[in-house]
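*Asks:* I would like to see how this sequence folds:
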Amino acid sequence: MTTRRAPLLEIVVFCVGMASLGAEIAAARLLAPWFGASTIVWANTIATVLVALSIGYALGGRLADRNPTLRRLSWCVVCAAAMLALVPFVSGPFLHLSVTAFDKLSGGLFVGSLLGVGVLIAVPVLLLGMVSPYAVRLKVDQVEDAGRVAGRLYAIGTIGSLTGTFLAALLLIPVVGTHRTFLLFALVLALVAVPGLGRQWVPGVVVSVVIAGLLVVPVGTTKSDTSSGKVIWERETEYQYARVIEESDGERLLELNEGLAVHSIYRPGRWLTGGYWDDMLVLPFTAAHPPKRVAILGSAAGTTARAMAHFFPDVKIDAVELDPDVTEVGRKLFDLRGRSITTHTADARPWLQAQHTRYDAILVDAYRQPYIPFYLTTREFFDAVRDHLTPGGTVAINVGHPAQSDRLEKVLSATLRASFGDDRVWRDPVDDTNTMVLGTTYDSDPTDRLLAAPMPAEVGTVASAVAGRLVTGLRGGTVYTDDRAPVEWLVDASLAQVAEDNR
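*Replies:* As a prediction, the model looks like this:
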């Protein structure tokens, strides 16, 4: 049987293409809890894969011309399989060190994520890139067949890449998780390489058995302990890594993506938190009339919705959260309940644009620190918010930002002014990393409305504090649009500047 007639090469090329792109999708998923899923992270991931494949193509072609054998090609695939299988086990500690180091060096998102993806998958993808030109050299017996053979094998590899992309994104990652996705692709590579090893098949079988054994090992968590409390729930959801920390006094914290920020808080028998959620509770009363219907875009586990349902049971609340697992843990562990609360699993902007209801107040808390979805920072989004407010309605936006940095707030304030009007933007500087930016549909000072609003005494204390902080919004920012909203670069530059200033 000649290599020209054997289907083994076609099978290997298909599986290599599948693993290459499947690893790319899974690598971006590994990086997301540490660096987010912005266009910068995706650009670094795609660029690393393309560069690694390009180098692999060049090396594979050169080695194939020297001494092309099926055994050498198969060894290359086995080595790539072994290295891919290691990725999920070394990724957690390495990415943690990468984030820490580049925070200190002001490298930020771009450099940190580039190094992360480069170290983790560049070498195995390079080895996989060597396969296609090597396979072409093995398959071509006559020069006049070179074009047809090369085209056929590269077509098979591309179909494999397409299969790997959809298989990873639509099936493997949601069903078995990111770690086992890497292991399954590695196992497939090792198995298809064994027949080509000939008499040296034993190492290939050993690698396959080891990888298969790793598939049944319980997947370790990204970060399973803390110095302040006990992890009582954790999950790698469809969108992020999430966990709930319970402290000794019963307080529970929802952390997303490695604890970069606390997104919800629960204290048994209490509804005020002492944090920015209290400001979001009272800011709807800056509307021209007492609010009857409120939308919360980015409800997380429902801290604000829970408090509002308790103190103002007549207010109808639409709580919108992208991640259904986060909403579910809100019901189970954060007391997210109340007849006035309606939860929606949806992305904030598409959900809002599809609504025919108007709201007296819209609260936007969908920004994931430190990097935020660009489409929630643009004039088009704020136009949609304005159009869904009742006359005299108000919008309050939680702007999470690096300490001592106001670049993001200035941009959002400028963009909000473009939609709401020049004198209708206000700010409530809650703390060093959170500012509530307010947009109104009327021209008068919202402070008086807030102070005059009827509310329980303990909530009134919060309202008085917020009223004392409310001032005119910052100026000097650029208006963002759907066409141009470089929010990742802005935040990364802010982080770098703060780190530089603190040296």
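*Asks:* pretty sure residue 484 sits in a strand.
*Replies:* No: remark: residue 484 does not belong to a strand; assigned using DSSP: H, G, I helix; E, B strand; the rest coil, it is coil.
*Asks:* list phi and psi for it.
*Replies:* Phi and psi for residue 484, reported as degrees, to the nearest 10, are phi -140, psi 110.
*Asks:* for stretch 193-208, which outside residues touch it?
*Replies:* Residues from elsewhere that reach stretch 193-208 (Cβ atoms under 8 Å, 6 or more residues apart in numbering): 8, 12, 70-71, 73-75, 77-78, 81-82, 85, 187, 190-191. Bear in mind the C-beta positions are built from the backbone N, C-alpha and C, glycine included.
*Asks:* can you rerun that using 6 Å?
*Replies:* Contacts to stretch 193-208, defined as Cβ atoms under 6 Å, 6 or more residues apart in numbering, come from residues 8, 70, 71, 74, 77, 78, 82, 190, 191.
*Asks:* which two in those are spaced the farthest apart?
*Replies:* Greatest spacing in these, by Cβ to Cβ: 8 and 82 (20.0 Å).
*Asks:* can you list the buried residues in stretch 390-407?
*Replies:* By neighbour count, and taking 16 or more other Cβ atoms under 10 Å as the criterion, the buried residues in stretch 390-407 are 390, 393-402, 405-407.
*Asks:* all helices of the stretch 351-500 of the chain, in order?
*Replies:* Secondary structure of the stretch 351-500 of the chain by DSSP state H, counting those that start in this stretch: the helices cover 379-387, 407-420, 446-452, 457-469, 487-501.
*Asks:* lowest average pLDDT across those helices?
*Replies:* Among these, helix 487-501 has the lowest mean pLDDT, at a mean of 68.
*Asks:* mind listing the strands for the stretch 251-400 of the chain?
*Replies:* 252-256, 261-266, 293-297, 316-321, 341-345, 359-364, 389-400 (DSSP state E, counting those that start in this stretch).
*Asks:* just put these in CSV and tack on mean pLDDT.
*Replies:* Output for those, formatted as CSV (pLDDT from 0 to 100):
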stretch, mean pLDDT
strand 252-256, 90
strand 261-266, 88
strand 293-297, 98
strand 316-321, 98
strand 341-345, 97
strand 359-364, 98
strand 389-400, 94
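*Asks:* now these as a markdown table including distance to residue 152?
*Replies:* Putting these into a markdown table (distance: least, Cβ to Cβ, whole Å) gives the following:
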| stretch | distance to residue 152 |
| --- | --- |
| strand 252-256 | 46 |
| strand 261-266 | 51 |
| strand 293-297 | 51 |
| strand 316-321 | 48 |
| strand 341-345 | 45 |
| strand 359-364 | 53 |
| strand 389-400 | 52 |
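*Asks:* for the nearest residue to residue 254 once chain neighbours are set aside, give me its contacts.
*Replies:* Among residues not flanking residue 254 along the chain, residue 264 sits closest, at 3.9 Å (Cβ to Cβ, 6 or more residues apart in numbering). Neighbour list for residue 264: 254, 300, 301, 303, 334 [criterion: Cβ under 6 Å, 6+ apart].
*Asks:* likewise for residue 305?
*Replies:* Counting by Cβ under 6 Å, 6+ apart, residue 305 makes contact with 296, 299, 317, 319, 341.
*Asks:* what about the fourth one, neighbour count?
*Replies:* Spelled out, it's residue 319. For residue 319, the neighbour count with other Cβ atoms under 10 Å is 27.
*Asks:* hang on, it packs against residue 296?
*Replies:* Yes: under the criterion of Cβ atoms under 6 Å, residue 319 is in contact with residue 296, at a separation of 4.9 Å.
*Asks:* how about residue 326, what does it touch?
*Replies:* Here residue 326 is in contact with 242, 300, 301 (Cβ under 6 Å, 6+ apart).
*Asks:* can I get these in JSON lines with pLDDT?
*Replies:* Rendered in JSON lines, the data for the contacts of residue 326 read as follows (pLDDT from 0 to 100):
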{"residue": "242", "pLDDT": "86"}
{"residue": "300", "pLDDT": "94"}
{"residue": "301", "pLDDT": "96"}
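*Asks:* let me know the closest of the residues you listed to residue 139.
*Replies:* Set against residue 139, the nearest of the contacts of residue 326 by Cβ to Cβ is residue 242 (48.0 Å).
*Asks:* pull out the buried positions in the strand or helix carrying the closest one.
*Replies:* Using DSSP states H and E, residue 242 sits in strand 241-246. Using 16+ other Cβ under 10 Å as the test for burial, strand 241-246 gives 241, 242, 243, 244, 245, 246.
*Asks:* which of those residues sits closest to residue 376?
*Replies:* Closest to residue 376 out of the buried residues of strand 241-246 is residue 242 (19.7 Å), distances taken as Cβ to Cβ.
*Asks:* would you mind confirming that the closest one is in contact with residue 256?
*Replies:* Yes: judged on Cβ under 6 Å, residue 242 makes contact with residue 256 at a distance of 5.3 Å.
*Asks:* identify the bridge partners of residue 295.
*Replies:* Taking DSSP bridges, one obtains residue 318, residue 362 as the residues bridged to residue 295.
*Asks:* tell me who's in contact with it.
*Replies:* When contacts are counted by Cβ under 6 Å, 6+ apart, residue 295 is found next to 318, 359, 362.
*Asks:* ok, the second one to residue 25 distance?
*Replies:* In this structure, residue 359 lies at 37 Å from residue 25, with Cβ to Cβ, to the nearest Å as the measure.
*Asks:* which one of those two is surrounded by more residues?
*Replies:* residue 359 (26 against 20).
*Asks:* for the more buried one, which non-adjacent residue is spatially closest?
*Replies:* Among residues not flanking residue 359 along the chain, residue 295 sits closest, at 4.7 Å (Cβ to Cβ, 6+ apart).
*Asks:* sketch out the low-pLDDT regions of the stretch 101-250 of the chain for me.
*Replies:* Low-confidence segments of the stretch 101-250 of the chain, defined by pLDDT under 70, are located at 101-114, 116, 143, 219-228.
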